[in-house]
Structure formats: C-alpha cells, structure tokens
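A.B. asks: quick one, fold the following:
(4 chains)
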There are 2 protein chains.
Amino acid sequence: MTQNLTINSALTQAEKVCTRRGLSLTPMRRRVLELLLTAGAPVKAYDLLSSLKPGGGAQPPTVYRALDFLTAAGLAHKVEALNAYMACVRGDECGGAELYICEGCGAVTERHTSPVPTETPSGFQVDRSVIEHYGRCAQCAQS
Amino acid sequence: MTQNLTINSALTQAEKVCTRRGLSLTPMRRRVLELLLTAGAPVKAYDLLSSLKPGGGAQPPTVYRALDFLTAAGLAHKVEALNAYMACVRGDECGGAELYICEGCGAVTERHTSPVPTETPSGFQVDRSVIEHYGRCAQCAQS
DNA sequence: TTTAGTAATGTTATAATGTTGCATTCGCTA
DNA sequence: TAGCGAATGCAACATTATAACATTACTAAA
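C.D. replies: Sure thing, here's the model as predicted:
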C-alpha cells in the first residue's frame, strides 16, 4: 500500500506539472506513466503494450505517442542502450538524468547531477546528454 | 589520398592490436572496420550491409557479428541513441568513450576522458558507460 | 593422411522495435 | 452548430536485431 501511495502521489504531482505547463495528462498518458511507476524499472514499449491490451487492444503508435509525451515532459526517460523506458523519479523540470543500471537485478538508480565537467569540444553546444552506467549494484556485486 | 593513408594505417594498427591479443581480424571484420573508417561518422548496420552487397550478398548476421567483434575488441563503438556504429579513433585498449554528436552535420567527436567523477550509488560497480552528448558543433551552431 | 575439433561465416527465417498516414473522436469556441 | 485542433484508433509498413542450423576453413592430434 505504501507503494500505491507513492505511485498515486507521483501521478498527482505529474498532473500538477502538466497543468502548470499547459500540457494535458490524458487518461492514456496517465495510464502509461502509472505502468512505468508500478514497474519501478525500465519497461519495453511492447511490454507496456501488452499491459494495456486487456481492456482495449492498444496499437504501437498509442504507446509510442504516450512515451514521446512523457519523455518530452520530463516525466519519463528512455534508456537508450536497453530500448526501454522508465518513470523519472523526479516528476518535474527534469533536464536529463544520469542512470546507474544494475545488470544483475535490473534496478536503476537515477541521479540529477549538475552537468558533468568534461572535455567538451570547443564551441560544441550540448542539447541533451545520454549518460548510462551499466554494472552491478551493491547487493548484486556480492554474489 | 591522405585519408586513405590514415585509414590504412588504422587498419594496420588494428591488425597489430588483434594479433597481440590473440584475436583475428578476418577479412570480413577488416572490411567492416574499413567501411566505418571510410565513413568517418556513425553508420547504420543495414547501410554497412548495402555497402557489402556488391560482390557477395551479405546477410544481417554477418554484419552484426562483425560489429560485435569490433566493439568487443574496442575497435568500434555503438552509438546507442542512433542505433549506429563508428570506428574508434583510438584503435587500442579503448574502454569506452564519450561522444559529442552534432545533429547538424552528423560529425562525431570522441573523447577518452578518465572516469567522470559523479555521484555513483554506494557500492555500485560500473562495467561500462554510455555517454553521448547531442547538440551542435562549432560550425553548425552558427547557422 | 585422416579425423576430429573449433572458430568463422553463410543462409533462412523470424523476432523485436519503431514509424507513417489517414480516419475518427472529443472537447472547445466562435 | 459548424469548424477547429488535439488526441487517439487503426492498418500497414519500415527498421533493427537475433535464432537456429548448415557449411566452410583452418588447426591439431592420431
């Protein structure tokens, strides 16, 4: 139940974020976000699709459009190297996150660090960054 | 011709790297690496496939196997967010690179920085990192 | 020289992921 | 209530990647 509370409050906050920004969190979009929140881990688009099936056979574009909306709104991230999607832990003003993905248990830790001070080529203007670290979390590293 | 010289020397070095490590840079693998070097930019697997066709119709597994070998050997990188592949500028002991990808002209700058000092979750052991920055290079930023 | 073993490649089919284009619905508002 | 725009439904298709098995080529041992 604690988990449900968390998910519900995340959804409520997502509503607020959208309202404030003139976006509309429609039932479909909300449903997809809920699935991502419930999973608590990266989910593949076609798995979301399967979850949506019972009670209205959704088609690929439906899911991809919802995901596009959610990622554009900063409510979700795409995990590029997994072709998967996850809810942003921080449903607001998220300008890109740094992900630590455990290949043992699938858990993902998200960090919103300030831009990493790297050796950027002279004059290069960064729009968005994909930063994904793959390895083993503390628990899985032991076994 | 300068370009050809560069490519040839890169191939020669790749041979050496493989030999030293007990790997074999077969003709097919070498050919794919050559295509990546020639392109000088990320190339899609099926584009490589097309390039290989004239003179022996290659099938997808052929290309993907060559790419798997090259990436495992550190001779090439996969650009995750583009589903594309590129030769590593540094054909040796490459343990992952940081990529700056211009969305204007497609050019990619590669950096081999020391591990970025970030807020790693406690106990998390990083195996490999995907770091891709998307934006505009100095030239393209102006227009 | 044969024989077995292994790594690499060929071949066919299919799975997984993502997009295009157009029709339909729904709420708004003029 | 007519028209508009945003969202969704829907069918087809395009792209990316893998599975499964056959074949070849090279090596090494008998």
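A.B. asks: show the end-to-end separation of stretch A:90-106, please.
C.D. replies: 19 Å (C-alpha to C-alpha, to the nearest Å).
A.B. asks: what about that stretch and chain B, any contact?
C.D. replies: Yes: on the criterion C-beta under 8 Å from any C-beta of the partner chain, stretch A:90-106 is in touch with chain B at A:98, A:100, A:102, A:103. (C-beta placed from N, C-alpha, C; glycine too.)
A.B. asks: need those in a markdown table (columns: secondary structure and pLDDT).
C.D. replies: Output for these, formatted as a markdown table (DSSP: H, G, I helix; E, B strand; the rest coil; pLDDT from 0 to 100):
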| residue | secondary structure | pLDDT |
| --- | --- | --- |
| A:98 | strand | 92 |
| A:100 | strand | 96 |
| A:102 | strand | 95 |
| A:103 | coil | 91 |
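A.B. asks: just these now: which is nearest residue B:29?
C.D. replies: residue A:103 (26.2 Å; C-beta to C-beta).
A.B. asks: need the residue in chain A that's farthest from the chain's center.
C.D. replies: Most distant from the centre of chain A: residue A:122, at 31.4 Å, with distances by C-alpha atoms, centre = their mean.
A.B. asks: residues contacting the closest residue to it other than its chain neighbours?
C.D. replies: Using C-beta to C-beta, 6 or more residues apart in numbering or on different chains and skipping the chain neighbours, the partner closest in space to residue A:122 is residue B:138 (6.1 Å). For residue B:138, the contacting residues are A:121, A:122, A:123, A:124, by C-beta atoms under 8 Å, 6 or more residues apart in numbering or on different chains.
A.B. asks: now the buried members of the residues you listed.
C.D. replies: A:121, A:124 (16 or more other C-beta atoms under 10 Å in any protein chain shown).
A.B. asks: just the contacts of residue B:138: which are in helices?
C.D. replies: Assigned to helices by DSSP state H, none of the contacts of residue B:138 qualify.
A.B. asks: if we can go back for a sec, and the pLDDT at the residue farthest from the centre of chain A?
C.D. replies: The per-residue pLDDT reported for residue A:122 equals 94.
A.B. asks: with residue A:116 instead?
C.D. replies: 65.
A.B. asks: spell out which parts of chain A neighbour DNA strand C.
C.D. replies: For chain A, the residues in contact with DNA strand C (C-beta under 7 Å from any atom of the strand) are A:44, A:45, A:46, A:59, A:60, A:61, A:64, A:83.
A.B. asks: ok, now with 6 Å
C.D. replies: A:44, A:45, A:46, A:60, A:61, A:64, A:83 (C-beta under 6 Å from any atom of the strand).
A.B. asks: how about the last one, phi and psi?
C.D. replies: Here the main-chain torsion angles of residue A:83 (degrees, to the nearest 10) amount to phi 50, psi 50.
A.B. asks: so where do the strands sit in chain A?
C.D. replies: A:76-79, A:84-87, A:98-102, A:108-111, A:125-136 (DSSP state E).
A.B. asks: mind putting the ones you listed into a markdown table with mean neighbour count?
C.D. replies: Output for the strands of chain A, formatted as a markdown table (neighbours: other C-beta atoms under 10 Å in any protein chain shown):
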| stretch | mean neighbour count |
| --- | --- |
| strand A:76-79 | 22 |
| strand A:84-87 | 24 |
| strand A:98-102 | 23 |
| strand A:108-111 | 18 |
| strand A:125-136 | 18 |
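A.B. asks: select, out of these, the one closest to residue A:7.
C.D. replies: strand A:84-87 (9.0 Å).
A.B. asks: show the average pLDDT along the closest one.
C.D. replies: Per-residue scores along strand A:84-87 average to 97.
A.B. asks: do stretch A:131-140 as well
C.D. replies: Mean predicted confidence for stretch A:131-140 is 94.
A.B. asks: contact residues of chain A facing chain B?
C.D. replies: A:80-81, A:98, A:100, A:102-103, A:109, A:111, A:113, A:116, A:118-139, A:141.
A.B. asks: what's around residue A:25, how many residues?
C.D. replies: 20 (other C-beta atoms under 10 Å in any protein chain shown).
A.B. asks: surely it and residue A:13 touch.
C.D. replies: No: if you go by C-beta atoms under 8 Å, residue A:25 and residue A:13 don't touch, sitting 10.5 Å apart.
A.B. asks: helices or strands up against the helix ranked longest in chain A?
C.D. replies: Once chain A is assigned using DSSP H, the helix that runs over the most residues is helix A:2-20. Packing partners of helix A:2-20 (3 or more C-beta pairs under 8 Å, 6 or more residues apart in numbering or on different chains; DSSP states H and E): helix A:27-39.
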